[in-house]
Each structure stands twice: as C-alpha cells, then as structure tokens.
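**Q** model the following, please.
(4 chains)
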Number of protein chains: 2
Amino acid sequence: MNIWDKVCDFNIFKGLDKNDIKALTFCFKSKVQVFEKNDIIANNMDRFENLILIVQGQANIVSYMENGNTNLQDKLTTGSIYGDIELFSKSATYNATIVATRKTEVMFLNKYIVNTPCENNCYRHKTFLNNLIIHMSNNLQKKQQTINILSKRSTREKVLLLLKYLAKEQNTKYIMLPYSRQEMADFLAVDRSALSLTLSKMKKDKQIDFEKNKFVLL
Amino acid sequence: MNIWDKVCDFNIFKGLDKNDIKALTFCFKSKVQVFEKNDIIANNMDRFENLILIVQGQANIVSYMENGNTNLQDKLTTGSIYGDIELFSKSATYNATIVATRKTEVMFLNKYIVNTPCENNCYRHKTFLNNLIIHMSNNLQKKQQTINILSKRSTREKVLLLLKYLAKEQNTKYIMLPYSRQEMADFLAVDRSALSLTLSKMKKDKQIDFEKNKFVLL
DNA sequence: TTTATTTGGTTGTAAAAACAACCAAATTTT
DNA sequence: AAAATTTGGTTGTTTTTACAACCAAATAAA
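**A** From the prediction side, this is the model:
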C-alpha cells in the first residue's frame, strides 16, 4: 500500500486530497523512516526539529524518572501526531521519549516550515494548521482528563475514572483497555502490584469485572 | 482607567493596537461584567457560549468532586483566558467552575464568532487566532507540567517538582508561592494537613525553607 | 478594640500504597 | 516442542497518606 493512500484519511489531513498532501509534505520536507519494536523514535531532550506523524504502527510517549519509575503520557497509534506542544512553544527540545511498541512507520515534518505560514497564504498549509488546532484542542482535553484521573486520591478512584472515560470514548460498557497492566500502572502513576491488588479487590466487590484487557463497569 | 488601556498589552491581543481591539471585541459581541469575591463567573456544565478574559482581578479554575474534595486546576490572573479547551472541541459545556477570588472584571467573547474565521480574512481575527494558538500551546505545556507533578508518588516529590517549576518560571530560587496552603493541597491533590506535615519535615530535613508563601529550594 | 473567621501547623490513628519477593500462566524465541 | 522471557496476580512488611480533632496565629469584620 502506497504511503499516500495510508495517510490521506488521517484527521490531520482532513480537507486535503492525495495531491494536496503530496505537495504539502514535500513542502514540509517530510522524511519517512521505519522503526522496529523498542526503537527510540525521539529522545527526551533531543533537539525538537520535526513534528512526528505515525503513518502505521504504535508508539508510547514516556518519561523515565530518576527513581526508576516510568511515566506513560499517552499512546500514539496510526494517524497520531506528536510535537504540537513543542511546535509553538519556546522549548527547543522534545519533552518526552517516543518509543515504538511494534514495527512503526513514521513521517517527520520539518518544524520551521510547519510553523511558518506560507507567504502566498496557501490553502493546504492553512487547512493543515486548522486541523492542528483541532488536534491541540483534543490533546488539551485529554490532558485535562489525565489530570482529573491523577487527582483522585485512591487507586480505586483512578481506575474507575479511567474506565469511565474509556467507556465514553468507546461508547460501550465493555471496555477494551489499550494498556498492559504495567502501562496502566505507569499511566495511573501507581505501583503495578498495588494496582493488580486493587483490581482484584474491585472485582471481588463487584465494582468492575475484567478478563485480560476486556473490562466492564458494573 | 479605560478598559482598552487595560487590555491592550495582553498577550492575547499582541500585534493589535487599541483601535484594532475595539473593532475586534465589538465584532466578538464582547460583554464586560464585574464579579465580587467568591462569585461564580462560569459554572461547570453550564453551556459554553463565551471565551472568558480576565480584564482585572483573579479567579480560580476548580472542580468540586463528589467526595467533597476540591481540585484546583489553575489560577487566572489579569490577562488570562479561559475556554480555549472548549472552543474547538465538541464539548458544549464548561468543564470546570470559574470562581472569582477577589473583585474581578471579566470580558466575555462570543464563542461562535471567535470560532469562525471572517470571510474577508480580516487580519485582526487572524492575529487573535494566532495568539490563541500560542496560548493553547502554553496551556498544553502547563498541563503537562501538572501531570508530571501529579505523577510523583509522594507528596514530598510533588512539592519539590512544583517548586522547581515555579523557580524556573520566576527565574529565582526565592519562590513566591501563588497558592494558599489549602489551594496548594488542592492543586497537588493531597490532604491539607498531610501537606502541612510534609512541608514541616522537608524544612527540618533542610530540603527547603519557607516562611508564609516565600519558599526557597535548598 | 473586640469578636469572628480564616488559615496554617501538630498529633494520633486507621487505611492505603509502595516495595520486594515470589509464583503461575501466557507469550515469544529458539 | 522446549526454553526463555514477559506478563499478571499474590502476599507480607514498611512507609506514607488520609482523616479527624485540636490549637495558635493572622486576618477580616463588627
């Protein structure tokens, strides 16, 4: 499958056809690169030069803490963008590490060009920037949700709110958890074994039910 | 002091002069209203119709939890904007409550007009939207910082990281904490008395020093 | 100035989470 | 298919936090 066929219905290219995208990504000096599982796509504190677009695959946004803990910020999947925070800010470096969780095809878009509106006010660039605003808005909302989860005082409450958000997002009580247990713990900022214990208790108390990554809110 | 003199060097109006702002806010159907201390400027779940601009004063962005806890998302001060999350998203309601912490003058800007680019591509609106993107970017960064703080496992670490961010922001070791102790606890999502205890311990351990709201990282 | 009210620190107790160590099941690699 | 690795659940111990109750100091109101 051609790369243009892959990306043409990504949200970030909404309103643009295949030829528009070709022209735009050419203008953005895009480079495509394939990463294997566990490869680092971008490193925390590396110079931020490119917006990252996941063409196909999956990656985690993580920060590794001094004390050995890992903080999972988010998961990137096919069509996801990373770098919107850095793009319009003064920070010259990536604020997190992006690591592929499987074989992943990535497109890099030059920051300075994306950043700077075309002098001839080209509609492609304008459309792209509009889509980027929507993306930032969604990102803001997601981060606020994360803050709401992390603000809960107990692991139990954190789990419940996370599941509530996922249920809303997936529009069903039968929730497919997109994390492994370790990732879930890293996202909720709790100890893995403690999380496992809490999940068991919640099951026994008939608050939730789960098997592997299939969860139900009771 | 005239309202236009007050707002003309707000970041959100950067690149626009007094007459531009007059025209723009007229176009945005802006309404100005004064609130007293503890007045609700906007209520969580109220219909989101207006972007909120603090012309003068101070307000808190809070959510009140079912269990009685209060979650302090952020403080708004003169020149601050609230509503950028809601503006470009599908959510039709405010996601938090905005409450004045003193006498506060607020300008409301009609969502639908801010939202919709002028057909004649007016430079005022364009400049405003550009400034709004910068604001969203800063907001994203701030929320990420909050997530980083809340992801810390202990109150001690949360306090240290908060102080580190504040020191960076204020560009000095001698930090002016912009929160009361209760607000600090609400922001860090911990119990107030437990926070107080931790602060005392940290002082005894010579990690930090503080008196009232003046903190020092040692 | 006197009285309320708010704000911040202290203490003891109960509950919860972190941590470490271990084991079983599932998955991946060889 | 066998071996190695990853993943998830359990248990006991230590540490930390939440909660409640209380008091002192500072601030606001009368």
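**Q** list the contacts for the most centrally placed residue in chain A?
**A** Computing the C-alpha centroid of chain A and ranking residues by Cα atoms, centre = their mean puts residue A:76 first, at 3.5 Å. Contacts for residue A:76 (Cβ atoms under 8 Å, 6 or more residues apart in numbering or on different chains) come out as A:52, A:54, A:58, A:59, A:60, A:61, A:82, A:98. All C-beta spots, glycine's among them, are computed from the backbone N, C-alpha and C.
**Q** so what pLDDT did the residue lying closest to the first one once chain neighbours are set aside get?
**A** Nearest-residue entry for residue A:52: residue A:82, 4.3 Å, with adjacent residues in sequence omitted and distances by Cβ to Cβ, 6 or more residues apart in numbering or on different chains. As predicted, residue A:82 sits at a pLDDT of 96.
**Q** wait, doesn't residue A:82 sit right on residue A:48?
**A** No. If you go by Cβ atoms under 8 Å, residue A:82 and residue A:48 don't touch, sitting 10.3 Å apart.
**Q** tell me which of the two has more neighbours.
**A** Between residue A:82 and residue A:48, counted using other Cβ atoms under 10 Å in any protein chain shown, the more crowded position is residue A:82 (23 against 19).
**Q** who's in contact with that one?
**A** By Cβ under 8 Å, 6+ apart, the contact set of residue A:82 is A:42, A:51, A:52, A:54, A:59, A:61, A:76, A:98.
**Q** tell me which of those is nearest to chain B?
**A** For the contacts of residue A:82, the residue nearest chain B by Cβ to the nearest Cβ is residue A:61; the value is 10.1 Å.
**Q** confirm the closest one sits in a strand?
**A** Yes. Residue A:61: assigned to a strand according to DSSP: H, G, I helix; E, B strand; the rest coil.
**Q** separation between it and residue B:147?
**A** Distance, residue A:61 to residue B:147, using Cβ to Cβ, to the nearest Å: 11 Å.
**Q** what do those two both touch?
**A** Shared contacts of residue A:61 and residue B:147, counting by Cβ under 8 Å, 6+ apart, come down to residue A:73.
**Q** following element in sequence after the one helix or strand in chain A whose mean pLDDT sits lowest, please.
**A** In chain A, no helix or strand scores lower on mean pLDDT, DSSP states H and E than helix A:111-115, which sits at a mean of 83. Remark: after helix A:111-115, the chain's next helix or strand is helix A:123-150, criterion DSSP states H and E.
**Q** does chain B have contacts with the least confident helix or strand of chain A?
**A** No. Shown here: helix A:111-115 not in contact with chain B (Cβ under 8 Å from any Cβ of the partner chain), separated by at least 10.5 Å.
**Q** just the buried residues of that helix, please?
**A** Neighbour-count burial for helix A:111-115 flags A:111, A:114 (criterion: 16 or more other Cβ atoms under 10 Å in any protein chain shown).
**Q** and chain A, what are its domains?
**A** Following automatic domain parsing, one gets these domains for chain A: A:3-148, A:152-217.
**Q** burial of the residue lying closest to residue A:128 once chain neighbours are set aside, as a residue count?
**A** Distances taken as Cβ to Cβ, 6+ apart put residue A:24 closest to residue A:128, at 6.2 Å, once the chain neighbours are dropped. Neighbourhood size, residue A:24 [other Cβ under 10 Å]: 20.
**Q** tell me the contacts of residue A:24?
**A** Counting by Cβ under 8 Å, 6+ apart, residue A:24 has contacts A:13, A:16, A:124, A:125, A:128.
**Q** can you put those residues in a markdown table and add pLDDT, neighbour count and distance to residue B:72?
**A** Converted to a markdown table, the contacts of residue A:24 look like this (pLDDT from 0 to 100; neighbours: other Cβ atoms under 10 Å in any protein chain shown; distance: Cβ to Cβ, whole Å):
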| residue | pLDDT | neighbour count | distance to residue B:72 |
| --- | --- | --- | --- |
| A:13 | 95 | 22 | 38 |
| A:16 | 93 | 20 | 41 |
| A:124 | 88 | 21 | 42 |
| A:125 | 88 | 19 | 39 |
| A:128 | 92 | 23 | 36 |
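**Q** state the pair within those that is farthest apart.
**A** For those, the maximum inter-member distance is 12.0 Å, found between A:13 and A:125 (Cβ to Cβ).
**Q** that older thread, so how far is residue A:13 from the residue nearest to the residue nearest to the centre of chain A when sequence neighbours are not counted?
**A** Distances taken as Cβ to Cβ, 6+ apart put residue A:59 closest to residue A:76, at 4.5 Å, once the chain neighbours are dropped. Distance from residue A:59 to residue A:13, counting by Cβ to Cβ: 19 Å.
**Q** so the closest residue to residue A:80 other than its chain neighbours is in which element?
**A** Among residues not flanking residue A:80 along the chain, residue A:54 sits closest, at 4.8 Å (Cβ to Cβ, 6+ apart). Assessed by DSSP H and E, residue A:54 sits inside strand A:50-56.
**Q** strands of chain A, start to end?
**A** Here chain A has its strands, by DSSP state E, at A:31-35, A:40-42, A:50-56, A:58-64, A:70-77, A:81-82, A:97-100, A:104-110, A:174-176, A:208-211, A:214-217.
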